[in-house]
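# fold the following, please.
(chains A and B)
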Amino acid sequence: MISLALVWIPAAGAVLAALWRSERTRPLWLPAVGAVHVVLAFAVLIRAPEVPPTAWLGADVLARAVLPVVALLFLVCAAYAVTYLRVRDERSNRVFVTALLVLLSAMSLAIQARHLGLLWVAVEAATLSTVPLLHFNGTPRAFEATWKYLLVGGTGMALSLLGTFFLGYAALQGGGGGGLTFAALVAHGATLSRPWVLMAWVLLLTGYGTKMGLAPMHTWKPDAYGEAPGIIGALLAGGLTTVAFVAILRVRAVVAAVGAGAAADRTLLGLGLVSACLAALFLVRTVDYKRMLAYSSIEQMGVLGVGASLGPPGIAAALFHVWSNALTEGALFLAAGNIRRASAAQTRTEVAGMATAAPASSRMLVVGMLAVTMLPPFGPFFSELRVLRAALSAGQGAAVGLLLVALWLAFVGMSRLVFAIVDGRPRSAARASDRRFRERLGLLLPPMAFLVLSVWVGLATPSVISHAWRGAATLLTRQP
Amino acid sequence: MSVTMNQMVAVAMGLNLLALGSSRIPSVIRAVAAQGVILGVLPLFLHGRGIGWPVVLVAAATVAVKGFFIPGLLGRAVRTAGIERDMEPLVGFVPSLLLGAAATVLAMLAAGALPLGAEDAGSLLVPGSLASVATGLVLLIGRTKAISQVCGYLFLENGIYLFGLLLIRSMPLVVEAGILLDLTVAIFVIGIIVDRIQRAFDTLDTRHLTALRE
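So this is what the prediction gives:
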């Protein structure tokens, strides 16, 4: 019953937060619910409950392999949000807090969904709950970003629903009698109609790939991450993308059971490489440091796509990368959010000398940037190394070469931009806003915690977690 | 039964073309509303003799939402914004009409090539669904006014709903209700955003949304 509690406790928290009177104490619901959620997520990881194959909802080994990191991400972001919302007390936080808790509930549901229809409903709910969050700043640019997010994301969700129906039709014609749990679909894989399943794969990969931000369906991402508060960027880049990745992994297992696994892997590998390379090229020329984080996230999604296409060792490595990506990008987004508040601007031409205006946040931005571009001993170094090793042993030498070039370009682009805004003399606008912004402890400890967690997951991965990654990889590639 | 159904789907496909060829936004909204009513009534014919009250309830809700509530919302947006026409589409009206016609033909061919169940063999549901999805995508990509794009999204959704009718007997009602609810909320949110865009920019032309680009 823990897996149900993971869904209803945040939902109940959302209702209570919406009814809560005091503006000042309402944000405290976020860390309170987040802490309970983390405890539950790790309890479910350690106790590893048996999930009946017909269950629509349950913490199966794939859910256990990613749910704890989403819970950790939310808790640290929630701690940041308490101070952040105190700084931003000029606007009401009722909708913000409620939508964040709904998002946590929907993400927990989507990760644990073992039924195709339930999965879609949960991802759609998570998508809709982020709309008011993206729009929190209320500027015309935020309207624009939200509109694009809705239009591109909404079309993606519609296409994935059509793909869900196609797969449902294939199940209806096949031997399973229309059962839409992933276990039933995989078990009756041999009897499913191949053309319908392949069309469903194209639609579902497009739909959930849009949510994940794989190129060329990534167009909403720079706008949304650029205009939303840093904490929302962190939750989208580490949480919602993880949810979409889990959905793609579950659908891939069905396609593999039909006997078209090789075709599915080829499309994943191709999309992953295109995402990594395209993002690297944009990283070289972007001048806006929040949009830079979006392109960096697209590149990480490319690494995940490549990993998912490489069989069991690749999938285990990709799940490792889900953890290191969520924790490291979290640090980057929060540090960049602090710098955004301190400088009141986002581009290299307007921002400089942040090392004196916001010294601690600048240091964390630099460290986070190095971590995400594969500096040991942070998580991404180890997880990307494992993806590369899996690719080499699968004989994908060309893919490894392309990926290495993309990673190098990303390092060049990101380090140039980050040092341009950190070094030099502060601009006059920043000096003026400097007096209003202070680097409070509540805004510095959360990104610091992310960096520590990123080192922890890289250097001292608990065996229970790496066991879950390997177990999920076996589950997803097991043939009936 | 099947003949009546096919005639209704054929009318729905005609409404796709009507929407693609029209420059007046109110007539696009009327087309999508009429299609919504047809789609809502279809399940009653699908079930033949054994109509239970849940089916009637779902049909009534679909007609109310797709045929009246959402088009009403869009109509109000048109009146408050004072725009009647989508004058400068990215894809012209005649080219989009031709695209729609080509998509309809392709949808018929594709449906012929895909393996269909015995009871769905002569049905127009699959081509009708694919044609509506294509119409929706053309409107989403080819029009510049926010309301036209929302109409495109509605056509896309109608196409998906048409395909869902093939599954209505086997998929639990829970999932269907959840899907209907979610889509309604999606459109609702889009409607609110349209309202906000208009207030912020004094226009419903999404080409003015160009501050964010590389």
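
# and the stretch 251-400 of chain A, which of its residues are near chain B?
Applying the criterion Cβ under 8 Å from any Cβ of the partner chain, the portion of the stretch 251-400 of chain A that neighbours chain B consists of A:282, A:285-286, A:291. (Glycine included, C-beta is placed from N, CA and C.)

# which ChimeraX command selects the buried ones in those?
In ChimeraX, a selection of the buried entries from those looks like this (16 or more other Cβ atoms under 10 Å in any protein chain shown):
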select /A:282,286,291
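
# now do the buried residues in whichever helix or strand B:Ala61 is part of.
Taking DSSP states H and E as the definition, one finds B:Ala61 inside helix B:53-62. Using 16+ other Cβ under 10 Å as the test for burial, helix B:53-62 gives B:55, B:58-59, B:61-62.

# that one: what's the following helix or strand?
Downstream of helix B:53-62, the first helix or strand assigned by DSSP H and E is helix B:70-81.

# circling back to that earlier point, now render the buried residues of helix B:53-62 as CSV, adding distance to chain A.
Putting the buried residues of helix B:53-62 into CSV (distance: Cβ to the nearest Cβ, whole Å) gives the following:
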residue, distance to chain A
B:Val55, 18
B:Val58, 15
B:Ala59, 19
B:Ala61, 17
B:Thr62, 15
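
# that older thread, quick check: the farthest pair among the residues of the stretch 251-400 of chain A next to chain B?
For these, with distances taken as Cβ to Cβ, the pair at the greatest spread is A:Arg285 and A:Arg291 (10.7 Å).

# in chain B, which spans are helices?
In order along the chain, chain B carries the following helices (DSSP state H): B:2-21, B:25-47, B:53-62, B:70-81, B:93-113, B:125-142, B:146-164, B:173-201.

# mean confidence score for the longest one?
This predicted structure assigns helix B:173-201 an average pLDDT of 64.

# list the contacts for A:Arg47?
A:Ile2 (Cβ atoms under 8 Å, 6 or more residues apart in numbering or on different chains).

# relative to chain B, how far out is it?
Relative to chain B, A:Arg47 is positioned 29 Å away (Cβ to the nearest Cβ, to the nearest Å).

# next, count neighbours for B:Arg76.
The burial metric for B:Arg76, expressed as a neighbour count using other Cβ atoms under 10 Å in any protein chain shown, is 12.

# any weak-confidence spans in chain B?
In the prediction, chain B carries residues with pLDDT under 70 at positions B:1, B:47-51, B:87, B:170-189, B:191-204, B:213-214.

# the residue nearest the centre of it - nearest residue in space that isn't next to it in sequence?
When Cα atoms, centre = their mean is applied to chain B, the residue found nearest the centroid is B:Phe155 (1.9 Å). Counting by Cβ to Cβ, 6 or more residues apart in numbering or on different chains, B:Phe155 lies nearest to B:Gly136, which is 3.7 Å off, once chain neighbours are set aside.

# quick check, the residue in the stretch 301-450 of chain A closest to chain B?
For the stretch 301-450 of chain A, the residue positioned closest to chain B under Cβ to the nearest Cβ is A:Gln346, at a distance of 11.0 Å.

# these two touch, right, A:Ala79 and A:Leu441?
No. Contact criterion Cβ atoms under 8 Å: A:Ala79 and A:Leu441 do not qualify, at 10.8 Å.

# quick one: list the elements packing against the helix or strand where A:Val76 lies.
Element membership of A:Val76 [criterion: DSSP H and E] is helix A:61-87. For helix A:61-87, the contact count by 3 or more Cβ pairs under 8 Å, 6 or more residues apart in numbering or on different chains; DSSP states H and E identifies helix A:29-47, helix A:94-112, helix A:230-235, helix A:241-255, helix A:311-343, helix A:441-459, helix A:463-477 as packing neighbours.

# I'd like these laid out as CSV, including mean pLDDT.
Putting the helices and strands packed on helix A:61-87 into CSV (pLDDT from 0 to 100) gives the following:
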stretch, mean pLDDT
helix A:29-47, 96
helix A:94-112, 96
helix A:230-235, 94
helix A:241-255, 96
helix A:311-343, 94
helix A:441-459, 94
helix A:463-477, 93
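
# figure out which of those helices is closest to A:Val69.
With Cβ to Cβ, the closest approach to A:Val69 among the helices and strands packed on helix A:61-87 belongs to helix A:311-343: 4.6 Å.

# contacts for the helix or strand just after the closest one next, please.
Of the helices and strands lying after helix A:311-343 in sequence (DSSP H and E), the nearest is helix A:354-357. The contact list for helix A:354-357 (Cβ under 8 Å, 6+ apart) reads A:339, A:342-343, A:361-363, A:365, A:421-423, A:425-426, A:430-431, A:434.

# between those residues, which is closest to A:Leu249?
Ranked by distance to A:Leu249 (Cβ to Cβ), these are led by A:Leu365 at 31.5 Å.

# circling back: so A:Ala79 and A:Leu441 - more neighbours on which side?
Summary of the neighbour comparison: A:Ala79 and A:Leu441, criterion other Cβ under 10 Å, with A:Ala79 having more neighbours (20 against 11).

# show the pLDDT at the more buried one.
Model confidence at A:Ala79 (pLDDT) stands at 95.

# tell me, how many residues neighbour A:Arg425?
11.

# again with B:Glu119
Using other Cβ under 10 Å: B:Glu119 sits among 10 other residues.

# how about B:Gln35?
Neighbours of B:Gln35 under the rule other Cβ under 10 Å: 28.

# could you measure from it over to B:Met13?
For B:Gln35, the distance to B:Met13 equals 9 Å [Cβ to Cβ, to the nearest Å].

# joint contacts of those two?
A shared contact of B:Gln35 and B:Met13, defined by Cβ under 8 Å, 6+ apart, is any residue touching both; here these are B:Ser132.

# about what we covered before: reformat the helices of chain B into CSV and put distance to A:Ala215 next to each item.
Formatted as CSV, the helices of chain B follow (distance: least, Cβ to Cβ, whole Å):
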stretch, distance to A:Ala215
helix B:2-21, 30
helix B:25-47, 32
helix B:53-62, 36
helix B:70-81, 33
helix B:93-113, 25
helix B:125-142, 18
helix B:146-164, 22
helix B:173-201, 24
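
# between these, which one is closest to A:Trp147.
Across the helices of chain B, A:Trp147 has its closest neighbour in helix B:173-201 (5.7 Å, Cβ to Cβ).

# where does the stretch 351-480 of chain A have low pLDDT?
Per-residue confidence of the stretch 351-480 of chain A (counting by pLDDT under 70) places the weak regions at A:428-437, A:480.

# ok, 90 please
Low-confidence regions of the stretch 351-480 of chain A, defined here as pLDDT under 90, cover residues A:351-359, A:374-377, A:423-442, A:477-480.

# before we move on, the earlier item: now do the same contact list for the residue nearest to the centre of chain B.
B:Phe155 neighbours (Cβ under 8 Å, 6+ apart): B:16, B:19, B:32, B:35, B:132-133, B:135-136, B:139.

# ok, back up a step: gap between the helix holding B:Ala61 and the chain center?
19 Å (Cα atoms, centre = their mean, to the nearest Å).

# repeat that for stretch A:440-458.
Relative to the chain's own centre, stretch A:440-458 is displaced by 17 Å; criterion: Cα atoms, centre = their mean.

# buried residues, that stretch. List them.
A:443-444, A:446-451, A:453-458.

# rewinding a little: tell me the one of the contacts of B:Phe155 nearest A:Leu4?
Within those, proximity to A:Leu4 (Cβ to Cβ) peaks at B:Val133, which comes in at 35.4 Å.

# and the closest one, how far from chain A?
Separation of B:Val133 from chain A (Cβ to the nearest Cβ) stands at 7 Å.
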